[in-house]
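Peer 1: Have a look at this fold, sequence not included:
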């Protein structure tokens, strides 16, 4: 039978040549059945525009600065710069709109959430070499996963039913019915469940020999070859990545600041895919299929642990240099997968089928990160800060038994290191009023070959974020009663890989079969985020 031998994590790059006795499959609506290295990486693409409004307003350029709860997640040495204790609370609203160059339309999704909440306790102040010690704990939001993607294509000649028919080649129909328990059959993989549903909803039928026995393949009698396919895709995502930080910061002589953070990450994302096809036929008959809807659902729920260490050197009153290291996050994640299908015939008959829920536990390590920063303060009237990060996505690893080697191969093939740059400025035009601006560039995790493949416009098996640019503005007001109000606006523009909806390729030296679905190209997310932070000093 034609089976997937490239299944490991899901081959992200569509190969140009299928080797002998090999079937390769994937796609935006197929690959969600498995956890891929690309999906693991997206939970590590942290940005610093969701935490405090002061840091967001300065573009996240805070590696050499401090006295902000966000320092716990950036450079914990900054906690040592507190001269008093503080409590802080941040609320944010973000709205993400999605566009692409296919025949489609823009979709938006808004979300109100906590960006940060916590406290820094200045527990010791002295006149010796240790000037102060501060203990901090806070929740910091690292990534927002709320969006809605949509696209449509008209007049196609290929249907996903052909994909399912090829996928189910060799499976006896008795294995696909309810008596065959296909969703608990170890020989039927989760990314083949769509083929089971296609059989159960009569989107395809088994071919039979003259004697009525199964011929080994499946046919699609309800969709004539002359039909034209109008297809549509929508992906709705809800979730975020946040971190509970526990930090210690030390101030040595107002010259050297050291800090460390224990970070406990919380990952949650729910994804709803809806891929539909409408079949337009010249001579419509009642036994023809008029419509099909396929709806995979994915829920990822995980936690992780990491540590951060950092230092800030202050050689003169107005000059600071910062350095921090973020260890890989050891993530334990549960992935729930479920899918359903509805098929409607022109005779008004419709059929619905759904799979069971497959839950699988994964454990993996995220990339490590090195942060460098420098800032200068001019006459207590302005601060200019610049950051640079190096993120080693090529160092990610899988710890789930049986998946280590394939995950490592995919990481080696597709990932490299990302370069991030952030620049921020803060001005004090009058006492107790602060004006801020910032820019951030977050580089792509793709390695050289994968980046070239993406630049040439080739599709991946999903929509994966590459690079992002953030532009930000902010204001701050310090009140005489020992409290501060900060406001920031961030405009974020993110680019994504092109993605193919479904893809199947088979070759055994005699037969060469390829089924290729529509492609969503030039996907971009534009996010407007407004953050408000209230800080009370005590």
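Peer 2: Alright, I've got the coordinates. This structure is a prediction, so every number in the text was calculated from the model and none was measured. Numbering: from 1, shown residues only.
Peer 1: Report the contact partners of the closest residue to residue 29 other than its chain neighbours.
Peer 2: Leaving out its chain neighbours, the residue that sits closest to residue 29 by CB to CB, 6 or more residues apart in numbering is residue 275, at 4.5 Å. Backbone N, C-alpha and C define where each C-beta goes, glycine included. By CB atoms under 8 Å, 6 or more residues apart in numbering, the contact list for residue 275 reads 28, 29, 160, 231, 232, 233, 293, 294, 295, 501.
Peer 1: nearest to residue 512, of those?
Peer 2: residue 160 (20.0 Å; CB to CB).
Peer 1: Pretty sure the closest one sits against residue 292.
Peer 2: Yes. Using CB atoms under 8 Å, residue 160 is in contact with residue 292, at 7.4 Å.
Peer 1: Common neighbours of those two, please.
Peer 2: With CB under 8 Å, 6+ apart, residue 160 and residue 292 have common neighbours residue 277.
Peer 1: on that earlier part again, between the contacts of residue 275, which is nearest residue 537?
Peer 2: Using CB to CB, the contacts of residue 275 come closest to residue 537 at residue 28, 49.2 Å.
Peer 1: ok, how many other residues are close to that closest one?
Peer 2: Counted with other CB atoms under 10 Å, the neighbours of residue 28 add up to 27.
Peer 1: if you skip the residues just before and after it, what's nearest to it?
Peer 2: residue 499 is the one closest to residue 28 (CB to CB, 6+ apart), at 4.6 Å.
Peer 1: tell me the contacts of that neighbour?
Peer 2: Residues near residue 499 by CB under 8 Å, 6+ apart: 27, 28, 459, 460, 461, 462, 463, 464, 519, 520, 523.
Peer 1: which helices and strands sit right next to the host helix or strand of residue 309?
Peer 2: Per DSSP states H and E: residue 309 is located in strand 297-316. Here strand 297-316 touches strand 256-280, strand 319-326, strand 330-338, going by 3 or more CB pairs under 8 Å, 6 or more residues apart in numbering; DSSP states H and E.
Peer 1: Work out the gap between that strand and the centre of the chain.
Peer 2: 17 Å (CA atoms, centre = their mean, to the nearest Å).
Peer 1: Buried residues, that strand. List them.
Peer 2: For strand 297-316, a neighbour-count test (16 or more other CB atoms under 10 Å) marks 297-304, 306, 308-312, 314 as buried.
Peer 1: now that strand against strand 256-280, angle please.
Peer 2: 150 degrees (axes from the mean of the first three to the mean of the last three CA atoms, to 10 degrees).
Peer 1: So what's the residue count around the residue nearest to residue 444 when sequence neighbours are not counted?
Peer 2: Using CB to CB, 6+ apart and skipping the chain neighbours, the partner closest in space to residue 444 is residue 466 (4.0 Å). For residue 466, the count of nearby residues is 19 (other CB under 10 Å).
Peer 1: dump the residue contacts of residue 466.
Peer 2: Counting by CB under 8 Å, 6+ apart, residue 466 touches 444, 445, 446, 451, 454, 494, 495, 496, 497.
Peer 1: from those, which is closest to residue 102?
Peer 2: For the contacts of residue 466, the nearest to residue 102 is residue 496 (12.7 Å; CB to CB).
Peer 1: my read: that closest one touches residue 465, true?
Peer 2: Yes. Using CB under 8 Å, residue 496 is in contact with residue 465, at 5.5 Å.
Peer 1: who has more neighbours, the two?
Peer 2: Comparing residue 496 with residue 465 by other CB under 10 Å, the one with more neighbours is residue 496, at 22 against 19.
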